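K.L.:
I'd like to go over a predicted model; first the sequence, then the structure.
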Amino acid sequence: MSEQIVIIPTYNEIENIEAIIRKVFQLPVSFEVLIVDDGSPDGTAHKVKELQAEFPEKLHMLERTEKNGLGTAYIAGFKWCLARPYQFIFEMDADFSHNPDDLIRLLDAAKNEKAGLVIGSRYVTGVNVVNWPMSRVIMSYYASAYVRLITGMSIRDSTAGFVCYTRETLEAIDLDKIKFKGYAFQIEMKFKAYLQKIKIVEVPIIFTDRTLGTSKMSKKIFKEAFFGVIELKLKSLLK
């Protein structure tokens, strides 16, 4: 068993899933993969099961019956991983917007810099985003600035979904009290780690928008994040 595992949540990722799994397993460092599939009607889970016959010790899957938000998928994945002796637990998208090669750089930062949370950051060295429309780049960049203003965190990319947590960090966060389901989940997890005074390191990455499949972003998800940040800060002050 490897010490490292990558959680990849999926919903209708049949066009990407085999390629992303094979790419992770081709890396010079050993990573296992946990797919958390939310009942994809396009056959994503079926393809993963086919690949499990080829990678029985390294490829795992949690099947959920319905699409219930990114946050709940990751919480389910975290709990699965914590029930086993993994030490470094990663979040990564299935669509190659996160380069699997960068998993090694995030792992190196966790080990060499003793960081409990390592963020693959689009904005720590400027704006490193490819193929996004300018409107979305501006929205994402200033969303992180807004989060810094409200929460007091210095993180440049608080909505990032390419992350490495150490086991100790996830054990220090009460996962049952994580509220948000959309991209506000990413902010909430980082804020909880920040409140625990866990060392956070940002590693610069280049984010490339998906070329296959469709984005899951929506106005509802953005609204949850906007107002959720205020709620997180108020609750922390009351405590």
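P.N.:
Thanks, I have the structure now.
K.L.:
what about the strands in this protein?
P.N.:
With DSSP state E as the criterion, the chain has strands at 4-10, 32-37, 59-63, 88-91, 117-121, 129-130, 163-166, 200-204, 207-208.
K.L.:
Now the longest one: average pLDDT?
P.N.:
What strand 4-10 shows for mean pLDDT is 98.
K.L.:
Also the fourth one?
P.N.:
Taken as a whole, strand 88-91 has an average pLDDT of 98.
K.L.:
how close does Asp101 get to Asp174?
P.N.:
33 Å (CB to CB, to the nearest Å). The C-beta positions use only the backbone N, C-alpha and C, and glycine is treated the same way.
K.L.:
So for those two, which residue has more residues nearby?
P.N.:
The neighbour count for Asp101 versus Asp174, taken as other CB atoms under 10 Å, is higher for Asp101 (13 against 8).
K.L.:
Now do the contacts for the residue nearest to the more buried one when sequence neighbours are not counted.
P.N.:
Among residues not flanking Asp101 along the chain, Leu27 sits closest, at 7.1 Å (CB to CB, 6 or more residues apart in numbering). Counting by CB atoms under 8 Å, 6 or more residues apart in numbering, Leu27 touches 100-101, 103-104.
K.L.:
Gln52 against Lys58, yeah?
P.N.:
No: the pair Gln52 / Lys58 is not scored as a contact, 9.1 Å apart, by CB atoms under 8 Å.
K.L.:
So in this protein, where's the weakest helix or strand by average pLDDT?
P.N.:
None of the helices or strands of the chain scores lower by mean pLDDT, DSSP states H and E than helix 219-238, at a mean of 71.
K.L.:
Next one: Asn16 from Leu149, what distance?
P.N.:
Asn16 is 35 Å from Leu149, by CB to CB.
K.L.:
neighbour count winner among the two?
P.N.:
Asn16 (21 against 12).
K.L.:
Point out where the protein drops to low pLDDT.
P.N.:
Along the chain, the parts satisfying pLDDT under 70 run over 210, 212-226, 239.
K.L.:
Would you map the helices across it?
P.N.:
17-25, 44-54, 70-82, 102-112, 134-151, 167-172, 184-195, 219-238 (DSSP state H).
K.L.:
just so I know, which of those helices lies nearest Gln4?
P.N.:
For the helices of the chain, proximity to Gln4 was assessed by CB to CB; helix 102-112 is nearest, at 6.2 Å.
K.L.:
in the closest one, what counts as buried?
P.N.:
Buried positions in helix 102-112, judged by neighbour count with 16 or more other CB atoms under 10 Å: 102-103, 105-107, 109-110.
K.L.:
Columns distance to Arg167 on top of those residues, output as TSV?
P.N.:
Output for the buried residues of helix 102-112, formatted as TSV (distance: CB to CB, whole Å):
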residue	distance to Arg167
Asp102	21
Leu103	17
Arg105	19
Leu106	15
Leu107	13
Ala109	16
Ala110	10
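K.L.:
Out of these, which comes closest to Trp80?
P.N.:
Among the buried residues of helix 102-112, Leu103 lies closest to Trp80 (CB to CB), at 18.7 Å.
K.L.:
In contact with the closest one, which residues?
P.N.:
Leu103 sits next to 4, 6, 24, 27, 29, 31, 90, 92, 164 when contact means CB under 8 Å, 6+ apart.
K.L.:
The third one is in contact with Val33, isn't it?
P.N.:
Yes: the pair Val24 and Val33 passes the contact test of CB under 8 Å, sitting 5.6 Å apart.
K.L.:
where do the contact lists of these two overlap?
P.N.:
Val6.
K.L.:
out of the helices of the chain, nearest to Val203?
P.N.:
Closest among the helices of the chain, using CB to CB: helix 102-112, at 5.2 Å.
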